[in-house]
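Trainee: Could you work out the structure for the sequence below:
(one chain, ligands or ions: 3)
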Amino acid sequence: MTSYNLLLLPGDGIGPEIMAEAAKVLAALSDLGLAHFETEEDLVGGAAIDARGNPLSDETIALAKAADATLFGAVGGPKWDGKGPFHLRPEIGILGLRKALGLYANLRPAKCYGPLATASSLHAELVSGLDILVVRELTGGVYFGQPKEIVTLQDGQRRAVDTQVYTTSEVERIGRVAFDLARKRKNLVHSADKNNVMRTGTLWRETITDLHAAEFADVTLEHILADNLGMQLVRKPGQFDVLVMDNLFGDLLSDVAAMLTGSLGMLPSASLGDADPVTGSRPSLYEPIHGSAPDIAGQGFANPLAMIGSLAMSLRYSLDEPDLADRVEAAIESVLEQGLRTPDIAAPGQNAVSTAEMGTAVAEALRAGATSEAVA
Ligand code: NAD
Ligand code: IPM
Ligand code: MN
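Mentor: Ligands and ions are numbered 1, 2, ... in the order given. Model (predicted):
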């Protein structure tokens, strides 16, 4: 049985609540003898600020680099908002990890599980069977461009600057990830930008066009303006397969895509870097796309399925255990088929289950799946 070393970073708000449920799923996989997981846990974000005065310590980065995969909950919350210096806010816990590990490719699959077609805010027929993949550039753009500052002018006004910056190599490498993945899906890529307004948009479009012509002419490529994409996602999402875009557009539009699946609490993600040419190991981090949900934290009814789905992605993309990933995803589907719903995906008037009940049910469905296989 293969043994894996995982780093768990629960973070803040609902982060620890949903991570506890992912841990139940890991325990079930271990108990079934399918794989063995050694887990280490560390503080990140607001919890690390409170304990150490620093949202992301060098030790945490080193642990993440050494792990076979890192699972991340969520960081941030009103307790820390606007309190400390900007460069030590909780969100540095995630932004700093992405940068330090070189995680430039963020895969955000928006898949509408059959039983949840009626949970979306769109008509069921628009989202039924939906399976689209947002490929978000994650270490460039306006998130990291310099200068990034607020200065006070002579007349006493304040002036804030954020810098949107991309190089051809940054666009090429994320484009390559999108085209490669499209080849394993429906061979269709939509690349979103604002080339009608932004110089980075021009560079983005030209670079993707050149890359497509040089290496991926077999894949269908469409360019789309990012504002139109936002509209088209809620008008007719089924027209899309793989969507590639910059860091900020990817952040905004993946939250939109999440609602097509029923809830922000359903959408997992994988953040990947390039494999080390010597060791072959590929830096990675797996997290739900949602945040720490301060409005429901501590109440025990956050949806843990995006976190558990992120664990499934780690089995597929980092641990080379696609069969185990399939089993975890099948267990998620099975609890949804059984009618279990946390409040975010429950129908009006339906009795909802707690975070812990949902996690336990997924772990039990995994065990039941393995048992029925053994009997068959
Ligand atoms: P959020 O994603 O935390 O919450 C938005 C809404 O979705 C809330 O109503 C919340 O209750 C709901 N929601 C989110 N996840 C849910 C789940 N699993 N189950 C049920 N409902 C869920 O976004 P926000 O409120 O804008 O941000 C709160 C904090 O989280 C901020 O500090 C923000 O910076 C941080 N944040 C962190 C991450 C991360 O750690 N990767 C991601 C996004 C936001
Ligand atoms: C996300 C979050 C983060 C982002 C924040 C917490 C820095 O919204 O992962 O989607 O903007 O990338
Ligand atoms: Mn976001």
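Trainee: Helix, strand, or coil at P90?
Mentor: Using DSSP: H, G, I helix; E, B strand; the rest coil, the three-state assignment for P90 comes out as coil.
Trainee: now the end-to-end length of stretch 135-147.
Mentor: Counting by C-alpha to C-alpha, to the nearest Å, the length from the leading to the trailing residue of stretch 135-147 is 26 Å.
Trainee: which bits of the chain sit near ligand 2?
Mentor: Taking C-beta under 6 Å from any ligand atom, the part of the chain that reaches ligand 2 is made up of 76, 91, 94-95, 251, 289, 291. Backbone N, C-alpha and C define where each C-beta goes, glycine included.
Trainee: of all those residues, which comes closest to G339?
Mentor: Here the nearest of those to G339, counting by C-beta to C-beta, is I289; it sits at 25.0 Å.
Trainee: Who are the contact partners of the closest one?
Mentor: Taking C-beta atoms under 8 Å, 6 or more residues apart in numbering, we find I289 in contact with 108, 254-255, 258, 264, 267-269, 306.
Trainee: Show me what residue of the stretch 51-200 of the chain gets nearest to ligand 2.
Mentor: E91 (4.1 Å; C-beta to the nearest ligand atom).
Trainee: Check whether the residue nearest to that residue when sequence neighbours are not counted sits in a helix, strand or coil.
Mentor: Distance criterion C-beta to C-beta, 6 or more residues apart in numbering; nearest residue to E91, sequence neighbours excluded, is G76 at 5.5 Å. When classified by three-state DSSP, G76 comes out as coil.
Trainee: How about the contacts made by the closest residue to M1 other than its chain neighbours?
Mentor: In space, M1 comes closest to H36 once its chain neighbours are excluded; the distance is 5.4 Å by C-beta to C-beta, 6+ apart. Contacts were defined as C-beta under 8 Å, 6+ apart; by that measure H36 touches 1-4, 30.
Trainee: H36 bridge partners, please.
Mentor: With DSSP bridges applied, H36 shows beta-bridge pairing to S3.
Trainee: So it versus ligand 2, what's the distance?
Mentor: H36 sits 30 Å away from ligand 2, taking C-beta to the nearest ligand atom, to the nearest Å as the criterion.
Trainee: just use 20 as the starting number from now, easier for me
Mentor: Done: numbering now begins at 20, and the last item shifts to H55.
Trainee: Under a three-state scheme, what state does A119 occupy?
Mentor: Local secondary structure at A119 is given as helix here, using three-state DSSP.
Trainee: Contacts only, for it.
Mentor: A119 sits next to 75, 80, 83-84 when contact means C-beta under 8 Å, 6+ apart.
Trainee: Can you select the buried ones among these for me in PyMOL?
Mentor: Here is the PyMOL command that selects only those of these that count as buried (16 or more other C-beta atoms under 10 Å):
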select buried, resi 75+83
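Trainee: wait, isn't A143 in contact with P134?
Mentor: No - with the criterion set as C-beta atoms under 8 Å, A143 and P134 do not qualify as a contacting pair; they are 10.8 Å apart.
Trainee: More neighbours: which of the two?
Mentor: P134 (18 against 12; other C-beta atoms under 10 Å).
Trainee: So the more buried one sits against L355, correct?
Mentor: Yes - using C-beta under 8 Å, P134 is in contact with L355, at 4.2 Å.
Trainee: residue ranges of the strands in the stretch 170-319 of the chain, please?
Mentor: For the stretch 170-319 of the chain, strands defined by DSSP state E, counting those that start in this stretch occupy the ranges 177-182, 207-212, 239-244, 261-264, 289-291, 303-305.
Trainee: by contact count, what packs against the third one?
Mentor: Packed against strand 239-244, as judged by 3 or more C-beta pairs under 8 Å, 6 or more residues apart in numbering; DSSP states H and E, are the following elements: strand 207-212, helix 218-234.
Trainee: Tell me which other helices or strands the longest one touches.
Mentor: The helices and strands touching helix 218-234, judged by 3+ C-beta pairs under 8 Å, 6+ apart, are helix 187-202, strand 207-212, strand 239-244.
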